[in-house]
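*Asks:* quick one: sequence plus predicted model below, questions after.
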Amino acid sequence: DAGRYSFGAAAKSGHMLHHPAWQHLLQSRPVLMVLKRVFREGFVFCGGGGDFVLGKTVNYQSLHSDLGPSRVPPECRSDS
């Protein structure tokens with residue numbers, strides 16, 4: 001889609017957590033404050049692809065996980 005660019009396709013691993021700048025973004029205080037409020041029982045960073053979307057782009061993906069239940073450790077599941 002025009003205006004939407006995938007970070008997941010930027011590396012063979014499918015994520016960007018190995019880049020210090022990406023780690024810095026995820027470790028920022030405002031981001032951590034939001035995550036702690038949304039996921040009150042805790043959370044784990046286990047990837048980091050995502051999309052960059054320009055303003056006024058019609059098609060985009062909402063916040064979601066690409067991990068299926070079989071790839072999520074039992075202690076991290078919300079359904080167990």
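*Replies:* Arrived safely.

*Asks:* ends of stretch 3-20, what's the gap?
*Replies:* 25 Å (Cα to Cα, to the nearest Å).

*Asks:* quick one: contacts of it?
*Replies:* Residues from elsewhere that reach stretch 3-20, judged by Cβ atoms under 8 Å, 6 or more residues apart in numbering: 22-23, 26, 45, 47-54, 56-60, 66. For glycine as for every other residue, the C-beta is placed from the backbone atoms N, C-alpha and C.

*Asks:* what's the spacing between the residue minimising distance to the centre of the chain and Gln27?
*Replies:* Ranked by distance to the mean C-alpha position of the chain (Cα atoms, centre = their mean), the top residue is Gly48 at 4.7 Å. Look at Gly48 and Gln27: by Cβ to Cβ, to the nearest Å, they are 11 Å apart.

*Asks:* do the same with Gly55
*Replies:* For Gly55, the distance to Gln27 - Cβ to Cβ - is 25 Å.

*Asks:* neighbour count: those two, which is higher?
*Replies:* Gln27 (10 against 5; other Cβ atoms under 10 Å).

*Asks:* can you report how many residues lie near the residue lying closest to Gly47 once chain neighbours are set aside?
*Replies:* Spatial nearest neighbour of Gly47, chain neighbours left out: His15 (4.4 Å); criterion: Cβ to Cβ, 6 or more residues apart in numbering. Applying other Cβ under 10 Å, we find 19 residues neighbouring His15.

*Asks:* just the CA atoms of the longest helix seen in the chain, as PDB, please.
*Replies:* If you go by DSSP state H, the chain has its longest helix at helix 29-38. The C-alpha trace of helix 29-38 is given here as PDB (Å, rounded to 0.1, in the frame of the first residue of the first chain):
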ATOM      1  CA  ARG A  29       9.900   6.200  29.000                       C
ATOM      2  CA  PRO A  30       6.700   7.200  27.200                       C
ATOM      3  CA  VAL A  31       6.500   3.900  25.300                       C
ATOM      4  CA  LEU A  32       7.200   1.900  28.400                       C
ATOM      5  CA  MET A  33       4.500   3.800  30.400                       C
ATOM      6  CA  VAL A  34       1.900   3.100  27.700                       C
ATOM      7  CA  LEU A  35       2.800  -0.600  27.500                       C
ATOM      8  CA  LYS A  36       2.700  -0.900  31.300                       C
ATOM      9  CA  ARG A  37      -0.800   0.600  31.400                       C
ATOM     10  CA  VAL A  38      -2.100  -1.600  28.500                       C
END
